[in-house]
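# Sequence plus predicted model, see below.
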Amino acid sequence: MSEIKRMPFTKAMKKTHTILMPQMLEYHSPFLQAAFEANGYHFAVLQGGSRLKERALRCMNNDYCYPGILIVGQMLEALQEGHYSADNIAFMEPQAGGACRAGNYYQVIINTLNRCGYGQIPVISLNFKGQEKHPGFRITPRLFWDAVTAVCYGDLILSLYHQVKPYECEEGAADRARKVLEQELMAQIREHRGGKRRDGYRHILKTFNEIAVTGVPKRKVGVAGEIYIKYCSLGNHGLEKYLEQQDCQCLMGGFINYTIYVLDSDYKAYLINTKHPVLQKGYDLALSYLQKIQRELYEEVKNHGRFRMDLPFADMKKLAEDLVGSDCITGDGWLVAAEAAMAVEQGCRNVLIVHPFGCLVSHVCERGILRQLKTRYSHVNFQTVEYDYDSSDALRESRIMLGLAEFPK
């Protein structure tokens, strides 16, 4: 088999090319965009899309999972609809690694672009291991610092939005507050004022605290599962809005815990296979730093008093120990079990575990925990919901409604 042609992202391209990233982390994307712009990159996040599956399946095998099809579809739409010139863009694909088809997205995207006549477009793999290097792109300490700020702001807004939106007295108040905060905090990140993160946290807390809310209780519904389907409205077909229409409050774990989980899982695999003392110290420092940043955020929320976040990483890991064990690190692994258990501990009696249809990792690690979850929390309704390009809205919504049924206390 011939080697896939790979176009490098050069230093000159940093000034002339816009890096496009597929839609995924909708609460975090504006701040990540600001982080890249603060470090000299032209950056944009692809939004929405029409006929994505049709565009993608003309150029790739239908055995690929739903997130992969949507990602390729978004990229092809940007080119075919003339939103961007193929000569002045690069695509970025975030990759956590692991034993799933997402590990091959990078090569699939390059191969698809070559096949469709867009071989001049560089594809950048965003990963913490430094793989697939490009001369014009590297993760510097400054970029890392700004990206951490972006993730923290995104997590806080995600959590507070879910706690306020279903209860707002004035329709649209939470959405307006979120938009204003995005503009203000993006400007802060662009000016490298990430050192004022705590001020940013307090400003976010104050803004959401000022939104008038009703005292009418709502049913809390936990949402856990595969990372793309959980966070991306394209992937989950607007699950958050659907739950809101059913008079529910959505409870969803933040991205910081996922980031630490990926690093911690890679560390565990490294200790089994290599155990080099120098690299071991690097892992220890990185994990310690990220958990310190997480504690700072959670302290501000706790000091404020009204709102709550998901549990810190160490507590999440303890929750998973009796359910599946922390050695389950394939795909989203033990984190899914921990998120489901955390939702119950925070008052949810209905938990939806979402994942792409045909994703073996998800079937093993998410369906495999159901028996333990149902044994420990017999009063809770756990329901898996699968997403695919061929499944009907009626089938998917019927699964969700099954998950919203009340169990006897």
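Arrived safely. Every value quoted in this text rests on a predicted model; they were computed, and no experiment measured them.

# Now do the contacts for the spatially closest residue to residue 42 that is not a sequence neighbour.
Distances taken as CB to CB, 6 or more residues apart in numbering place residue 18 nearest to residue 42, at 4.2 Å, with adjacent residues excluded. C-beta: built from backbone N, CA, C; applies to glycine. Contact analysis of residue 18 by CB atoms under 8 Å, 6 or more residues apart in numbering lists 42, 43, 44, 84, 88, 89, 90.

# Let me know the closest of those to residue 263.
Among those, residue 43 lies closest to residue 263 (CB to CB), at 23.4 Å.

# in a strand, that's where that closest one is, yeah?
Yes - checked against DSSP: H, G, I helix; E, B strand; the rest coil, residue 43 lies within a strand.

# And for residue 124, nearest residue in space, chain neighbours not counted?
Nearest non-adjacent residue to residue 124, counting by CB to CB, 6+ apart: residue 92, 4.5 Å away.

# Next one: the residue nearest to residue 42 from residue 258, what distance?
Distance, residue 18 to residue 258, using CB to CB, to the nearest Å: 27 Å.

# Dump the contacts of residue 18 into a markdown table; add pLDDT and distance to residue 305 as well.
Converted to a markdown table, the contacts of residue 18 look like this (pLDDT from 0 to 100; distance: CB to CB, whole Å):
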| residue | pLDDT | distance to residue 305 |
| --- | --- | --- |
| 42 | 95 | 41 |
| 43 | 95 | 36 |
| 44 | 95 | 38 |
| 84 | 91 | 46 |
| 88 | 94 | 49 |
| 89 | 95 | 46 |
| 90 | 94 | 45 |
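
# If any of those residues are buried, put those into a ChimeraX selection.
Per 16 or more other CB atoms under 10 Å, the buried members of these correspond to this ChimeraX selection:
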select :42,43,44,84,89,90
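
# Distance to residue 234 added to the contacts of residue 18, as TSV?
Below are the contacts of residue 18 laid out as TSV (distance: CB to CB, whole Å):
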residue	distance to residue 234
42	23
43	19
44	16
84	19
88	25
89	20
90	21
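
# between the contacts of residue 18, which is closest to residue 137?
Using CB to CB, those come closest to residue 137 at residue 90, 8.3 Å.

# Quick check: longest helix in this structure by residues?
Secondary structure of the chain per DSSP state H: the longest helix is helix 277-304.

# elements contacting it?
Helix 277-304 is packed against helix 141-164, helix 197-209, helix 255-273, helix 313-321, with contacts defined by 3 or more CB pairs under 8 Å, 6 or more residues apart in numbering; DSSP states H and E.

# Can you check which of these gets nearest to residue 226?
helix 255-273 (10.7 Å).

# what stretches of the stretch 301-409 of the chain score poorly on pLDDT?
Across the stretch 301-409 of the chain, the ranges flagged by pLDDT under 70 are 408-409.

# contacting residues for residue 119?
5, 7, 113.

# ok, and the most crowded of these?
residue 113 (25 neighbours; other CB atoms under 10 Å).

# and the residue nearest to residue 124, that's in a strand?
Yes - assessed by three-state DSSP, residue 92 belongs to a strand.

# Could you check how far it is from residue 51?
From residue 92 to residue 51 the distance is 23 Å (CB to CB).

# Please say which of these two ends up with more neighbours.
Neighbour totals were compared for residue 92 and residue 51, and residue 92 leads with 21 against 11 (other CB under 10 Å).

# hang on, that one packs against residue 17?
No - the pair residue 92 / residue 17 is not scored as a contact, 10.9 Å apart, by CB atoms under 8 Å.

# Hmm, residue 374 is touching residue 384, no?
No - Residue 374 is not in contact with residue 384 according to CB under 8 Å; the separation is 11.8 Å.

# more neighbours, those two?
Per other CB under 10 Å, whichever of residue 374 and residue 384 has more neighbours is residue 384, with 18 against 13.

# Quick check: chain neighbours aside, which residue is closest to that one?
Closest to residue 384 by CB to CB, 6+ apart is residue 353, at 4.8 Å.

# Now do the contacts for the one you found.
Residue 353 neighbours (CB under 8 Å, 6+ apart): 224, 225, 336, 340, 366, 370, 382, 383, 384, 385.

# can you put the residues you listed in JSON lines and add secondary structure and distance to residue 151?
Formatted as JSON lines, the contacts of residue 353 follow (DSSP: H, G, I helix; E, B strand; the rest coil; distance: CB to CB, whole Å):
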{"residue": "224", "secondary structure": "strand", "distance to residue 151": "19"}
{"residue": "225", "secondary structure": "strand", "distance to residue 151": "19"}
{"residue": "336", "secondary structure": "helix", "distance to residue 151": "19"}
{"residue": "340", "secondary structure": "helix", "distance to residue 151": "22"}
{"residue": "366", "secondary structure": "helix", "distance to residue 151": "23"}
{"residue": "370", "secondary structure": "helix", "distance to residue 151": "30"}
{"residue": "382", "secondary structure": "strand", "distance to residue 151": "28"}
{"residue": "383", "secondary structure": "strand", "distance to residue 151": "29"}
{"residue": "384", "secondary structure": "strand", "distance to residue 151": "27"}
{"residue": "385", "secondary structure": "strand", "distance to residue 151": "26"}
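
# Derive a ChimeraX selection command for the buried subset of those residues.
What follows is the ChimeraX syntax selecting those of the contacts of residue 353 that are buried according to 16+ other CB under 10 Å:
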select :224,225,336,340,366,382,383,384,385
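
# how many neighbours does residue 140 have?
Neighbour number of residue 140 under other CB under 10 Å is 10.

# My guess is it contacts residue 39. True?
Yes - contact criterion CB under 8 Å: residue 140 and residue 39 qualify, at 6.7 Å.

# Tell me which helix or strand in this structure has the weakest average pLDDT.
Taking mean pLDDT, DSSP states H and E as the measure, the chain has helix 360-362 as its least confident helix or strand, at a mean of 72.

# which residues sit against whichever helix or strand comes after that one?
Downstream of helix 360-362, the first helix or strand assigned by DSSP states H and E is helix 370-376. If you take CB under 8 Å, 6+ apart as the criterion, helix 370-376 is touched by 322, 323, 324, 337, 340, 341, 351, 353, 380, 382, 384.

# Dump the residues you listed into a markdown table; add distance to residue 147 as well.
As requested, the contacts of helix 370-376 are exported to a markdown table (distance: CB to CB, whole Å):
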| residue | distance to residue 147 |
| --- | --- |
| 322 | 34 |
| 323 | 31 |
| 324 | 30 |
| 337 | 27 |
| 340 | 28 |
| 341 | 29 |
| 351 | 30 |
| 353 | 28 |
| 380 | 35 |
| 382 | 33 |
| 384 | 32 |
